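*Asks:* Take a look and give me a structure for this.
(chains A and B)
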Amino acid sequence: MTTKIFSADGQALSLPRRRFVQGLAAGGLLTGLGISPLSSRAESGVGPQPQVLRGRSFDLTIGSQQVNFTGHPRPATTINGSIPGPILRWREGERVSLRVTNNLAHDSSIHWHGMILPTHMDGVPGISFDGIRPGETFTYEFDVNQNGTYWYHSHSGFQEQTGMYGAIIIDPKQSDPVSYDRDYVVVLSDWSDEDPSRIYAKLKKMSDYYNFNERTGMDLLRDIRDKGVSRTFSERKMWNTMRMSDRDLSDVTGYTYTYLMNGQTPAGGWAGLFKRGEKIRLRFVNGSAMTFFDVRIPELKMTVVAADGQNIEPVTVDEFRIGVAETYDVVVEPKDDRAYTIFAQTIDRTGHARGTLTPDMSLTAPVPEYDPAPILGHGEMGMGMGMAGMDHGMHSGGKSKPMAMDHSMHGGSGSGIVHVATEYGPHVDMRAENPQLHLDDPGIGLRNNGRRVLSYADLRNLYPTPDVREPGREIKLHLTGNMSRYMWSINGVKFADADPIQLKFGERVRFSFVNDTMMNHPMHLHGMWSDLETGDNKRIPRKHVVIVQPGSKISYLVTADAKGGWAFHCHLLYHMLGMFRKVVVS
Amino acid sequence: MKKRALFALGGFIASTTAALAGGMIDDPLLSFVKVDQFELRDAEGGNSFVWDAQGWVGYDLKKLWIKTEGERVGGETEEAEVQFLYSRSFARYWDVQAGWRRDIRPEPNRDWAVLGVQGLAPYFFEVDAALFVGTDGRTAARLEAEYEFLITQRLILTPDIEFNLYGKDDPLTGVGSGLSDMELGLRLRYEIRREFAPYVGVNWIRKFGGTADFARVVGASTNDVQWVAGLRAWF
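*Replies:* Residues are numbered from 1 along each chain as shown, chains lettered A, B, ... in the order given. Okay, the predicted model is just below:
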């Protein structure tokens, strides 16, 4: 009986998993559902390409429809009938008007992510406006005063998880500092056949529900064989006493997710054409609900030219991590007449999104194996790099350079971590006692992997910092939670119980973060730029989402130049309900 | 009395319903039912059927719990118990629980007030410890602990142990004072889904002291090793 179970184990895991991970070859909305396909071959590529809408006036319709990414038809929320929604191509300096009609049975909304616009156009129900009621049309109208790659998504309920997201490209008014022959949007996202509210309920009932990469007895035996009993015991002692899992990379995994690239499953894959010698600009958008991706194109160097829509000094890398809601623009120059795989493996290595750059649609390139699943270490526990030295396996020899320089840069803000009283209680399971800056750390699972991986320290603005004032004050934010109870908060206080963060109009203020959890949190401030303090204050990169790595600290500066109420939250969909604040500029 | 209980329940449910940005509630009212044991036991003197289930309705930090366990032998319920508890989290992995326990079988019924803690101890031991105060000066205590050992991601070996102690003899229900009984189990389950796992195992039941004496009088076993097969499920 037992051996039977053992053999069944392998099968039960491998067969359905492969299908989940790969998805349907002809996935999504294209599978004979009588819906007009989202492809528009007028754009430069071939194969299914997202529709592109240009101009100053747009009609967008939010609707509910059946999709099929996994072999099972499921209801989705779409914009103009496609996942992702159409690419909106605007021009800097123009005023756009977007009539958004809600054909759902529930309220909806669209938030223009990364756009600097008036508060009532920002699209957050309860803060910017009342939302769009069923059957109603809301007209957004605002001036476009920036350029680059951005995106839009629902800010209502869990609609974003069910398909409500799309890319925005804004062409610059002046000549583009980035030269390229053609560009493609690459929207990465995560699809589940499960109702998102069920995913959320499952996480509340069993937070490791989707984690099938826990430590097992097999790992124990291997560790004892390799390291001996006492070292195995002592290495696990901290995790055992903390009652936490060092394999907890993603709350929601490839067990339920099918990862999409431009709405295509890995089995089919999105494809974009190129001619040898062309410069191709790829505009990556992470439109996922919960998934961080590590992106590379084997045998092609990528030159990162923009982060979160803003031009940076070009930096050439092999790989970059894109957190939920971040965008990166890269330029690639394929020298050969061959296909290249755009490979986006998830941070927990339970799945991938895939696409192909090719001179010929009949060509594909091999898909790489996943890297080993990362294992959390003392650094992720906020115990600092010093302790990581005790265990070589955990930090895999990460770039643990002395951090004293970084401390001084922050004018003393890094010294003496204080946890406020609200951080203590059953709702918080961990407090980082020695959080470090991880600016030059590409993140867990990417350290010393033999490839040149982008880190935040690489981001230098192409233009001088517009507001060079020193911050007048510091707002200290600790990202807190209880993983096993699946509760998330800031400074131990969830949104429902929190007062707004008050900013004075015109002030320059530092938001400093300590991550008291073992998850990456992509923190997103609406309405104003997050000027990420990477060390060179003259070329400070402007972001709208900043990843706060587990157990680490980081800070950014904000110029409070936009009056009104703004949302500020973790962009992980199932964290943001608690890890959320209203910011009021007055 | 009943009315007041209903009011209390209403207040409990209404206490966390503030709508948030995007019409979202971070802490929705959820319910959970978990059947830990639903099993046949190859016991001395014939098969028995045993259940052990828990459920709750509530929020992140406060819940109403129901716990029930019992045993049927030869078409008759020999043991049955149900607890109704209010549970409140007081530490990151611990809840304190208070309420009412009723022993339905064996007869006569016994009622107890319950005060307990349930949670996760260091090294991932799931612990449920409770004190009971009954009528006529009766007292009791119970300690349960369980560990989940992952052989693979889905094949899970679970040792568990339970002790029961009583403050004084209760001849009508066959309970002697002091350490009354111990149950040591080892179950191997396979999670076809997280929510659905058949298992096989072995269970050792040992009765002590006065409780063992009462058992001998009625010809029941005091030391029994049983094979078990059952189903673990939750939703």
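
*Asks:* elements contacting the single longest strand found in chain B?
*Replies:* The longest strand of chain B (DSSP state E) is strand B:76-91. Applying 3 or more CB pairs under 8 Å, 6 or more residues apart in numbering or on different chains; DSSP states H and E, one finds that strand B:76-91 contacts strand B:46-58, strand B:62-73, strand B:94-105, strand B:110-121. (Glycine included, C-beta is placed from N, CA and C.)

*Asks:* Same list, those, but as CSV with mean pLDDT and mean neighbour count please.
*Replies:* Shown next, in CSV, are those (pLDDT from 0 to 100; neighbours: other CB atoms under 10 Å in any protein chain shown):
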stretch, mean pLDDT, mean neighbour count
strand B:46-58, 95, 17
strand B:62-73, 97, 18
strand B:94-105, 97, 18
strand B:110-121, 97, 18
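
*Asks:* Make JSON lines out of those strands and add distance to chain A.
*Replies:* Shown next, in JSON lines, are these (distance: least, CB to the nearest CB, whole Å):
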{"stretch": "strand B:46-58", "distance to chain A": "9"}
{"stretch": "strand B:62-73", "distance to chain A": "10"}
{"stretch": "strand B:94-105", "distance to chain A": "7"}
{"stretch": "strand B:110-121", "distance to chain A": "5"}
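
*Asks:* Indicate which one of the ones you listed is closest to residue A:279.
*Replies:* strand B:110-121 (54.9 Å; CB to CB).

*Asks:* Alpha carbons of the closest one, as PDB, please.
*Replies:* The C-alpha coordinates for strand B:110-121 follow below in PDB (Å, rounded to 0.1, in the frame of the first residue of the first chain):
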ATOM      1  CA  ARG B 110     -21.500  15.600  31.900                       C
ATOM      2  CA  ASP B 111     -21.100  19.300  31.300                       C
ATOM      3  CA  TRP B 112     -17.900  21.300  31.700                       C
ATOM      4  CA  ALA B 113     -16.600  24.800  31.400                       C
ATOM      5  CA  VAL B 114     -13.600  24.900  29.200                       C
ATOM      6  CA  LEU B 115     -10.500  27.100  29.200                       C
ATOM      7  CA  GLY B 116      -7.700  26.100  26.800                       C
ATOM      8  CA  VAL B 117      -5.000  27.200  24.500                       C
ATOM      9  CA  GLN B 118      -4.500  26.000  21.000                       C
ATOM     10  CA  GLY B 119      -1.600  26.800  18.700                       C
ATOM     11  CA  LEU B 120       1.700  26.000  17.200                       C
ATOM     12  CA  ALA B 121       4.600  25.400  19.600                       C
END
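
*Asks:* partners of it in the sheet?
*Replies:* Looking at strand B:110-121 with DSSP bridges, its partner strands are strand B:94-105 (antiparallel), strand B:125-134 (antiparallel).

*Asks:* if I pick the residue of the stretch 301-450 of chain A found nearest chain B, what's in contact with it?
*Replies:* For the stretch 301-450 of chain A, the residue closest to chain B is residue A:426, as judged by CB to the nearest CB, at 3.7 Å. By CB atoms under 8 Å, 6 or more residues apart in numbering or on different chains, the contact set of residue A:426 is A:482, A:485, B:61, B:89-92, B:94.

*Asks:* of those residues, closest to residue A:72?
*Replies:* Distances from residue A:72 to those, taken by CB to CB, are shortest for residue A:485, at 31.3 Å.

*Asks:* Not counting its neighbours along the chain, what's nearest that closest one?
*Replies:* residue B:60 (5.5 Å; CB to CB, 6 or more residues apart in numbering or on different chains).

*Asks:* count of residues packed around the one you found?
*Replies:* 20 (other CB atoms under 10 Å in any protein chain shown).

*Asks:* Settle this for me: it is touching residue A:425, isn't it.
*Replies:* No: between residue B:60 and residue A:425 there is no contact, the gap being 11.4 Å when judged by CB atoms under 8 Å.

*Asks:* Show me which positions of the longest strand of chain B end up buried.
*Replies:* Buried residues in strand B:76-91, defined by neighbour count with 16 or more other CB atoms under 10 Å in any protein chain shown: B:79-81, B:83, B:85-87, B:89.

*Asks:* Which single one of these is nearest to chain A?
*Replies:* Distances from chain A to the buried residues of strand B:76-91, taken by CB to the nearest CB, are shortest for residue B:89, at 3.7 Å.

*Asks:* Near chain B, which residues of the stretch 351-500 of chain A are found?
*Replies:* Near chain B, the residues belonging to the stretch 351-500 of chain A are A:425-429, A:482, A:484-488, A:494-496 when assessed by CB under 8 Å from any CB of the partner chain.

*Asks:* that older thread, ok now do the residue nearest to residue A:485, which residues does it touch?
*Replies:* A:204, A:427, A:485-487, B:27, B:89.

*Asks:* make it 6 Å
*Replies:* Taking CB atoms under 6 Å, 6 or more residues apart in numbering or on different chains, we find residue B:60 in contact with A:485, A:487, B:27.

*Asks:* For chain B, see how far away residue A:109 is.
*Replies:* Using CB to the nearest CB, to the nearest Å, residue A:109 is found at 7 Å from chain B.
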